[in-house]
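# what would the 3D arrangement of this be:
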Amino acid sequence: MRPNPFQWSFRLQFLAGFLLCAAFIGYAIYTQFHDGLKPCPLCIFQRIAFAAMGVVFLLGGLHAPKGRLGRRLYGLLALVPGGTGLGIAARHVWLTHLPADQVPECGPPLQFMMETNPLTDVIRKVLTGSGECAKVDWTFLGMSMPAWSLTCFIALVLWALYAAFRPR
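Residues are numbered from 1 along each chain as shown. Just a heads-up that it's a prediction; the model follows:
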C-alpha cells in the first residue's frame, strides 16, 4: 500500500510552521516600514511570540524526532509561545472593541519604559494595554491586524498539536 502523498511528515509540518511564522513577522515589518504603521507595545509582544514559536517550529523541524514522545514534546513546547501570543492577541482584540470612553490612556513609548523601568514592570504595563493599542489602523476582510494575529495564533497552535499528536 502506497503512503498518502498529502500526509506530511512531522519535519515538513514543523518547517511549514516556521515559514508561516517568518511570513507573519515579515509582513508586520513590511507594514511598519513600507506602509508606515507604527506598532504598539502589544503588537511588538505578538511579534516576539511569533518569533519564539517560529524558533520552536524550526528546532522541531530540524530535529524531526522519530519517537512519539519527542514529537509530542515539541508540540507542547510550541504551546508556550503560541498560547502566550494567543492571550496577548485576544487582549489586543478586546481593547480594540472597547467603547471610546473606556479605552485606557496612552502610555509612554515602549523604548522609554524599557530604559526607565524594570523589565517586569514594563511587561505588566504593556500587557494591560494602553490607548494606542485600541486604535485600528489597518483592516483586511473586515478584521484588524490584532484579529488576524489571533486567528493565526489559533491556527498555528492547532497545526503544532496536529503535527505532534496525529497517529503515524
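# in the protein, what helix or strand scores lowest on average pLDDT?
Of all helical and strand segments in the chain, the minimum by mean pLDDT, DSSP states H and E falls on helix 119-128, at a mean of 69.
# what residues sit buried inside the longest helix belonging to the chain?
Counting by DSSP state H, the longest helix found in the chain is helix 68-96. For helix 68-96, a neighbour-count test (16 or more other Cβ atoms under 10 Å) marks 71, 74-75, 77-79, 81-82, 84-86, 88-93, 95-96 as buried. Where C-beta positions appear, they are placed from N, C-alpha and C, glycine not excepted.
# now stretch 140-148
By neighbour count on 16+ other Cβ under 10 Å, the buried set for stretch 140-148 is 144-148.
# repeat for stretch 157-164
If you call a residue buried by 16+ other Cβ under 10 Å, then stretch 157-164 has these buried ones: 157, 159-161, 163-164.
# quick check: which element contains the most centrally placed residue in the chain?
Centroid check for the chain by Cα atoms, centre = their mean gives Phe50 as the closest residue, at 3.7 Å. Mapping Phe50 onto the secondary structure by DSSP states H and E places it in helix 41-63.
# could you give the angle of that helix to helix 68-96?
Interaxial angle of helix 41-63 relative to helix 68-96 (axes from the mean of the first three to the mean of the last three Cα atoms, to 10 degrees): 170 degrees.
# same for helix 41-63, what does it pack against?
In terms of contact count using 3 or more Cβ pairs under 8 Å, 6 or more residues apart in numbering; DSSP states H and E, helix 41-63 is assigned the packing partners helix 10-33, helix 68-96, helix 110-116, helix 119-128, helix 145-165.
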